[in-house]
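Colleague: got a sequence here, can you model it:
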Amino acid sequence: MRKCQSQHCFDSQFSLQKCNSFSLQLTYLIHHFFNHTQLSQLTPKKEISINNQSKENQIIGFNQEKIRICFFIQLEFHHAMLDPIYEILSKDFSCILSSDKKEIINFNPHVIIQSDYDIEFFRKNLPGTLIINTLYGFGTKNNWKRGIPQCDIVCLANPWIQEQCKKQRIYPKIATWLTGFIPSDKIFNPSKNTINLPTEFGKDPIILYAPTYNKTLNSVDVLGFDWIENLTKKFPHLNLIIKPHPATAWLFPEWIKSWKQIAENNPKIFLVEDCDENIYEYLHLADLLISDASSVMFYYLALDRPIVLVTNSQRTNDKVMFDAEGAEWNWRDMGIEVSNPKEMIDAIGRYLKDPTLHHEKRAFYREKVFGSLEPGSAAKNTAKQIREFLKPQDIFEQQWFNIFFIMFSRINENQHIDKINQSFAWRMLKRYNKYLGKIIRLKPRKIQ
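Modeller: Next up, the predicted model:
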């Protein structure tokens, strides 16, 4: 920056409105933050706002009680990730829970909280809106590499994921928060509403079958459907719950049809027909889990119960979803790994004789999954992080919060900031990173 420009910016009589370039405005804001204690002295003109669409969105000195938060439900099963935070934060902020993109645009939120990576639409239509992602599973399936860098803030389930992202240099735009995995709260705090299982289940052991849907990763193509009849013949006392992945309903309806026919002919088999039901409500009912590459296996570790993992030999053919370094393929010694129906039924027999088999391995991986976080507190942790970020109590933090948001929104509006000024903005943010409170990592956004 040329000397004459910075001279003007540090002139206390110089107006923010007179700063023609973004870099000058940013320097002006930083200077005043560290030299003025009155929040009113930092109040900008009308044109400085988090979103261009609304005057109400003025960020410096705006009424934090009117912060608008949208919880974007891209798929129905995302309710398990987002509903618990919505219930907490809606007491303090103006919130909506919606799957309607038009409704979200009209709501014009300051923050969008979601669990998937459908981000491009909001970047284009709400360029100054902060996007927070809670993620929706544990297994990578390359989702981290593809999705996390698109987000502004990402909530991570445990320190292990945090460390893996660091090793692979996978970062969101602004920050990562260590919160725990929200749906797993149901494992530690089961719903009081009992699930209506067939009376024929009695008190006999229950097996939960929870396959994923990916064509080359799923166990259905490996096992077929006859294994169910063979299992019930060998172990007639066993009960079986089949919980399909939510995507199964529209991708593989023929699977649902086959399972339904089997369940109708055997009262000790129960099909969860609503694929969008929260599977974490069922985990505590199961004495044994059968799965494949689903993230369910990791959170079932909380219960220290047997796991049988079916491996699809076609998995490496999926160049998008298969991650050779992912925990879903490298932690399979948490249970018994099988590759055909006979091996699976034999594995179930081994666990019926000794449920403590592989207890040590399960304990080892359980520590990685849950770490030192308080069990059952992920929703509270996430809500606390968001609340503290959006409503800082200390006046010093409030001033920095306001300055951060204006810089963030202007950086997001790529069409208004050239490459040089954007780079300058991120350097300034990183320089004063320690004043951002919970923000732990800043990474420049690429110019499109």
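Colleague: secondary structure class for the nearest residue to W331 once chain neighbours are set aside?
Modeller: Spatially, and ignoring its direct neighbours in sequence, W331 is nearest to Y365 (5.4 Å; CB to CB, 6 or more residues apart in numbering). For glycine as for every other residue, the C-beta is placed from the backbone atoms N, C-alpha and C. Going by DSSP: H, G, I helix; E, B strand; the rest coil, the secondary structure assigned to Y365 is helix.
Colleague: per-residue confidence at Y365?
Modeller: Per-residue pLDDT puts Y365 at 94.
Colleague: so what's it up against?
Modeller: 298, 301, 331, 334 (CB atoms under 8 Å, 6 or more residues apart in numbering).
Colleague: if we go to 6 Å?
Modeller: 301, 331, 334 (CB atoms under 6 Å, 6 or more residues apart in numbering).
Colleague: any idea how far the first one is from P253?
Modeller: Okay, so that is L301. 31 Å (CB to CB, to the nearest Å).
Colleague: pLDDT below threshold where in the chain?
Modeller: Residue ranges of the chain with pLDDT under 70: 1-65, 137, 139-143, 192-193, 392-448.
Colleague: which one (most neighbours) among the contacts of Y365?
Modeller: L301 (26 neighbours; other CB atoms under 10 Å).
Colleague: shouldn't that one be in contact with F364?
Modeller: No - taking contacts as CB atoms under 6 Å, L301 lies outside contact range of F364: 9.4 Å.
Colleague: okay, which residue is most central for this protein?
Modeller: L135 (1.4 Å; CA atoms, centre = their mean).
Colleague: SS state for that residue?
Modeller: coil.
Colleague: check contacts around it.
Modeller: L135 touches nothing, counting by CB under 6 Å, 6+ apart.
Colleague: okay, it and R123: tell me how far apart.
Modeller: In terms of CB to CB, L135 sits 18 Å off from R123.
Colleague: all helices of the stretch 251-400 of the chain, in order?
Modeller: In the stretch 251-400 of the chain, helices defined by DSSP state H, counting those that start in this stretch lie at 253-264, 296-300, 327-330, 341-353, 359-370, 378-390, 395-412, listed in chain order.
Colleague: these: which one's closest to D83?
Modeller: Ranking the helices of the stretch 251-400 of the chain by proximity to D83 (CB to CB) places helix 378-390 first, at 8.8 Å.
Colleague: quick one, the closest one and helix 359-370 angle?
Modeller: 20 degrees (axes from the mean of the first three to the mean of the last three CA atoms, to 10 degrees).
Colleague: now for helix 378-390, which elements pack on it?
Modeller: On a contact count with 3 or more CB pairs under 6 Å, 6 or more residues apart in numbering; DSSP states H and E, helix 378-390 meets helix 79-89.
Colleague: buried residues, the helix it packs on. List them.
Modeller: 79-86, 88-89 (16 or more other CB atoms under 10 Å).
Colleague: run the angle between it and helix 378-390 for me.
Modeller: Using the same axes, to 10 degrees: helix 79-89 against helix 378-390 is 50 degrees.
Colleague: neighbouring contacts of helix 79-89?
Modeller: 71, 95, 97, 115, 134, 136, 182-183, 278, 379, 382-383.
Colleague: cutoff 7 Å now
Modeller: Residues outside helix 79-89 that contact it (CB atoms under 7 Å, 6 or more residues apart in numbering): 69, 71, 73, 95, 97, 113, 115, 134, 136, 182-183, 185, 278, 280, 379, 382-383, 386-387.
Colleague: cool, stretch 180-187 as well?
Modeller: 80-81, 84-85, 134, 138, 157, 278, 280-281, 283-284, 299, 302-303, 373, 376-379, 381-382.
Colleague: send over it as CSV, restricted to the C-alpha atoms.
Modeller: Coordinates of each C-alpha in stretch 180-187 appear next as CSV, following Å, rounded to 0.1, in the frame of the first residue of the first chain:
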residue,chain,number,x,y,z
GLY,A,180,-19.2,-33.8,18.6
PHE,A,181,-21.6,-35.5,16.2
ILE,A,182,-25.2,-34.3,16.9
PRO,A,183,-27.2,-37.4,16.0
SER,A,184,-25.0,-39.5,18.3
ASP,A,185,-26.6,-37.7,21.3
LYS,A,186,-29.6,-40.1,20.8
ILE,A,187,-27.3,-43.0,21.6
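Colleague: adding distance to V272, write the contacts of Y365 out as TSV.
Modeller: Below are the contacts of Y365 laid out as TSV (distance: CB to CB, whole Å):
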residue	distance to V272
L301	21
W331	26
M334	24
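Colleague: I105 contacts K124, doesn't it?
Modeller: No - the criterion here is CB atoms under 7 Å, and I105 misses it with K124 at 10.4 Å.
Colleague: okay, those two: which has more neighbours?
Modeller: I105 (16 against 9).
Colleague: so who does the more buried one touch?
Modeller: 125-126.
Colleague: can I take it that it is in a helix?
Modeller: Yes - counting by three-state DSSP, I105 is found in a helix.
Colleague: and it, how far from N158?
Modeller: In terms of CB to CB, I105 sits 34 Å off from N158.
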